[in-house]
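Trainee: When you get a sec, could you give me coordinates for this:
(4 chains)
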Number of protein chains: 2
Amino acid sequence: MVNMKDVARAAGVSQAAVSYAYSQPAKLSENQVRHIMKTADRLGYAGPNIIGSSLRSGGRTGAIGVMLMDTLQYAFTDASTKSLLEGIVRSRRLNALALTLIPLPHGDPARSQDGPRNAGAAHAALRGLVDGAIVHSLPDNHPALLTLRARNMPMVIVDAPALPGVPLVGIRDREAASAQLRHVLELGHQRIGILVERLRPDGQRGRANRSRWTNSPERVVRERIEGYRIAYEEAGYHFDAVPIIEVGAFDPHSAAQAATELINGDHPTAIVATSDAMAIGVFEAAKTLDLDIPTDLSVIGFDDAPEAAPLGLTTIRQPMVEKGEHAAAILFDLIDGTQTSDCMILPTELIIRSSTAAAP
Amino acid sequence: MVNMKDVARAAGVSQAAVSYAYSQPAKLSENQVRHIMKTADRLGYAGPNIIGSSLRSGGRTGAIGVMLMDTLQYAFTDASTKSLLEGIVRSRRLNALALTLIPLPHGDPARSQDGPRNAGAAHAALRGLVDGAIVHSLPDNHPALLTLRARNMPMVIVDAPALPGVPLVGIRDREAASAQLRHVLELGHQRIGILVERLRPDGQRGRANRSRWTNSPERVVRERIEGYRIAYEEAGYHFDAVPIIEVGAFDPHSAAQAATELINGDHPTAIVATSDAMAIGVFEAAKTLDLDIPTDLSVIGFDDAPEAAPLGLTTIRQPMVEKGEHAAAILFDLIDGTQTSDCMILPTELIIRSSTAAAP
DNA sequence: CTGAAAGCGCTTACAG
DNA sequence: CTGAAAGCGCTTACAG
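Mentor: Residues are numbered from 1 along each chain as shown, chains lettered A, B, ... in the order given. Below you'll find the model as predicted:
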């Protein structure tokens, strides 16, 4: 492949002159620049190799990373992740940059053979390929976070984990979850079941005991359940009696299986889910079990994903698109050194539709 | 930031030993590797910088690029592009790599001040940041293609342009378009209007004359219109009388404006659109003009996007997700040198729903 | 206004 | 089994 030296030789100038022609053309005469560019064109030189220039100047690669839990395939089916990406790409800055999507499919860092640091470091993209990163919903102490830290990579975390000194874009998960549970309590429900995606990235399913959620490395779910506990105990009940069912996955179909177990085992009159995807699984289970929503069973979700409104799903709206927009804005501030940006906590809202009704 | 030299010094070994510890640990004694890794961990070394290693070894960056026409914001709203990305990320290989989305928002290369080559080369991501690229729907001779070529970058083109020696994943656009037009001809329509996104990236709107489409740099639309011409003339009509309206954008709302002009000016009984997004714009226009579809106006789209079925839109289905899957598979073959992959032409299918009916 | 030289972080053929 | 050395493609302070 033709490089800068070739162009310099062919143009009869120094390599430095060619470099200046691209990066600081004002330093050269117009004629010189024109001559160099013409030569470059003739040789099929595609411009300074970003790898070489980035290495030399410690400079920018021109790409922003988004670290996503699980595979990219999951990211492109999950409504929340899609909304987050939609928000991120609203940044006009990105039109001149590239967006690098980085999957972190190794859910459980403990399973890695290489020790905590290398598990994250193994991923090429974490090793200098991007100028900054938006991290979405990783478990506490995920090795990728250590890697980013070690590299002094400008970063913003969306939702989880909360890391001292790193800007967080999120919501008040505990309060929002309390509001979610309070809605069904106010409708008179007492036999309530809770459906969560996962408390640990170990694929475990089924009923979770207390220490499993109090020690969960997933900040969002941990805080949400704490919110449920507070609201439930404020109503005068014992939270330990409330079944918390772990789906072990993020898709509605897996949720439907877990919901079926929950319904058959505990006969709840209301199910509170930590995402709309989980709640949609409850619809599927109810259909199979021939239960009517909301007559026989109330369901409330979380997110207000695009699928929620058509289904009439009562839910807590959280502004995912705005999260993406804010995360991108803060990241660019960090990269520019414009300011040391703080955390950004966005509002949530209870959206009452037709999937919740008074207890039978 | 701590680098390999620091680790070597702290561990009391040569820099080469550290490099081997990461890339070819079998070359070292187990104890040596353990000692080096422990030292790296202690210093917070995040592993070999990808920029340094890539420069030295001419090796992989660990990222695959997708070059997208227009902004990323557009890419994340357009149903076809989303489906394409969905297909691409089905590749299991991507779980260990990163996917770099590269927007090419400068629609019209002719407008660039820097000459054809530099317009493309200006984009950092084109200059060595990715190991290979999937290119989607660029106009003929887009400078980004020259840049990729000049770099010998493994590449696959989806839909357009067709470039000698570069694998193309696409459909038989001409034949599919003929089938699309034939459907409305067979329903007895003669006053037909054609709605296309754009024939050139110059933002022009309204009625297009013959040379504008015969010389269009957009391969797909050019071939589609040629397909319309063939079907129309086979039916014994003069194609020059058929209005071809250019929307100048890709969104349904812009299409609705163009459709309104088309309906008011030519009073067609059927509108043939080059995408479902355009066809959805016709629904919007019809509603405003108080026309019933299909009683007063038949509409046929192209793509079979997710929105088509709920609307009852008759359309030509093209397998966008599969295009993405094939493009990724071919690209990885190219990168691996496994084989020189050929073009891949996928089937299309007429899907008759309720938006087309016999001519009034 | 231009050119020679140092060095960014790394890998690998080669000598020991 | 280990280490010294060259060089990947580039940028920039410095001397002319």
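Trainee: give me phi/psi at the residue positioned nearest the centre of chain A?
Mentor: By CA atoms, centre = their mean, chain A has its centre lying nearest to residue A:136, at 2.6 Å. Dihedral angles of residue A:136 (phi, psi; degrees, to the nearest 10) stand at phi -120, psi 120.
Trainee: ok, it - contacts?
Mentor: Neighbouring residues of residue A:136 by CB atoms under 8 Å, 6 or more residues apart in numbering or on different chains: A:66, A:67, A:68, A:69, A:81, A:84, A:157, A:158, A:159. (Each C-beta comes from the backbone N, C-alpha and C, glycine too.)
Trainee: what about 10 Å?
Mentor: By CB atoms under 10 Å, 6 or more residues apart in numbering or on different chains, the residues touching residue A:136 are A:66-69, A:75, A:80-81, A:84-85, A:88, A:104, A:156-160, A:169, A:323-324, A:327.
Trainee: just residue A:213 next, same as before
Mentor: Applying CB under 10 Å, 6+ apart, we find residue A:213 in contact with A:194, A:196, A:199-200, A:221-222, A:224-226, A:228-229, A:244, A:246.
Trainee: go with 7 Å
Mentor: A:199, A:222, A:225, A:244 (CB atoms under 7 Å, 6 or more residues apart in numbering or on different chains).
Trainee: on that earlier part again, and the contacts of residue A:136, which of them are in helices?
Mentor: Per DSSP state H, helices hold the following members of these: A:75, A:80, A:81, A:84, A:85, A:88, A:323, A:324, A:327.
Trainee: Spell out which parts of the stretch 151-300 of chain A neighbour chain B.
Mentor: Applying CB under 7 Å from any CB of the partner chain, one finds that the stretch 151-300 of chain A approaches chain B through A:151, A:152.
Trainee: any low-confidence regions in the stretch 151-300 of chain A?
Mentor: For the stretch 151-300 of chain A, no stretch has pLDDT under 70.
Trainee: How about the closest residue to DNA strand D within it: what's its closest non-neighbour residue?
Mentor: In the stretch 151-300 of chain A, no residue comes nearer to DNA strand D than residue A:151, which is 18.1 Å away by CB to the nearest atom of the strand. Nearest in space to residue A:151, with sequence neighbours left out and distances taken as CB to CB, 6 or more residues apart in numbering or on different chains, is residue B:46 at 5.1 Å.
Trainee: Helix, strand, or coil at that neighbour?
Mentor: coil (DSSP: H, G, I helix; E, B strand; the rest coil).
Trainee: Can you tell me the SS state at the nearest residue to residue A:338 once chain neighbours are set aside?
Mentor: Nearest residue to residue A:338, sequence neighbours excluded (CB to CB, 6+ apart): residue A:332, at 7.8 Å. Recorded secondary structure, residue A:332: helix (three-state DSSP).
Trainee: Residue A:93 is in contact with residue A:332, correct?
Mentor: Yes. The criterion here is CB atoms under 7 Å, and residue A:332 meets it with residue A:93 at 5.5 Å.
Trainee: more crowded one of the two?
Mentor: Comparing residue A:332 with residue A:93 by other CB atoms under 10 Å in any protein chain shown, the one with more neighbours is residue A:332, at 20 against 13.
Trainee: How much space separates the more buried one from residue A:27?
Mentor: Counting by CB to CB, to the nearest Å, the separation of residue A:332 from residue A:27 is 28 Å.
Trainee: Which residue ranges of the stretch 251-360 of chain A form helices?
Mentor: A:252-266, A:276-288, A:308-311, A:320-336 (DSSP state H, counting those that start in this stretch).
Trainee: what helices or strands is the first one leaning on?
Mentor: Helices and strands in packing contact with helix A:252-266 are listed as strand A:192-196, strand A:244-246, helix A:276-288; criterion 3 or more CB pairs under 7 Å, 6 or more residues apart in numbering or on different chains; DSSP states H and E.
Trainee: Likewise for the longest one?
Mentor: Other elements packing on helix A:320-336 under the criterion 3+ CB pairs under 7 Å, 6+ apart are helix A:79-88, strand A:133-136, strand A:155-158, strand A:168-171, strand A:344-346.
Trainee: ok, now with 6 Å
Mentor: helix A:79-88, strand A:155-158, strand A:168-171 (3 or more CB pairs under 6 Å, 6 or more residues apart in numbering or on different chains; DSSP states H and E).
Trainee: tilt between it and helix A:79-88?
Mentor: 50 degrees (axes from the mean of the first three to the mean of the last three CA atoms, to 10 degrees).
Trainee: Look at the closest residue to residue A:127 other than its chain neighbours and say how many residues are nearby.
Mentor: In space, and not counting its chain neighbours, residue A:127 is closest to residue B:50: 4.1 Å by CB to CB, 6+ apart. Applying other CB under 10 Å, we find 24 residues neighbouring residue B:50.
Trainee: Isn't residue B:50 up against residue A:147?
Mentor: No. Using CB atoms under 6 Å, residue B:50 is not in contact with residue A:147; the gap is 11.6 Å.
Trainee: where exactly do the strands run in the stretch 1-150 of chain A?
Mentor: Applying DSSP state E, counting those that start in this stretch to the stretch 1-150 of chain A gives strands spanning A:63-69, A:98-104, A:133-136.
Trainee: out of these, which comes closest to DNA strand D?
Mentor: For the strands of the stretch 1-150 of chain A, the distance to DNA strand D is smallest for strand A:63-69, at 16.1 Å, taking CB to the nearest atom of the strand.
Trainee: For the closest one, output the C-alpha coordinates as PDB.
Mentor: Extracted as PDB, the C-alpha positions of strand A:63-69 are listed here (Å, rounded to 0.1, in the frame of the first residue of the first chain):
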ATOM      1  CA  ALA A  63     -14.500   6.900  16.700                       C
ATOM      2  CA  ILE A  64     -16.800   6.800  19.800                       C
ATOM      3  CA  GLY A  65     -17.500   3.500  21.400                       C
ATOM      4  CA  VAL A  66     -20.600   2.100  22.900                       C
ATOM      5  CA  MET A  67     -20.100  -0.800  25.300                       C
ATOM      6  CA  LEU A  68     -23.100  -3.000  25.300                       C
ATOM      7  CA  MET A  69     -23.900  -5.900  27.600                       C
END
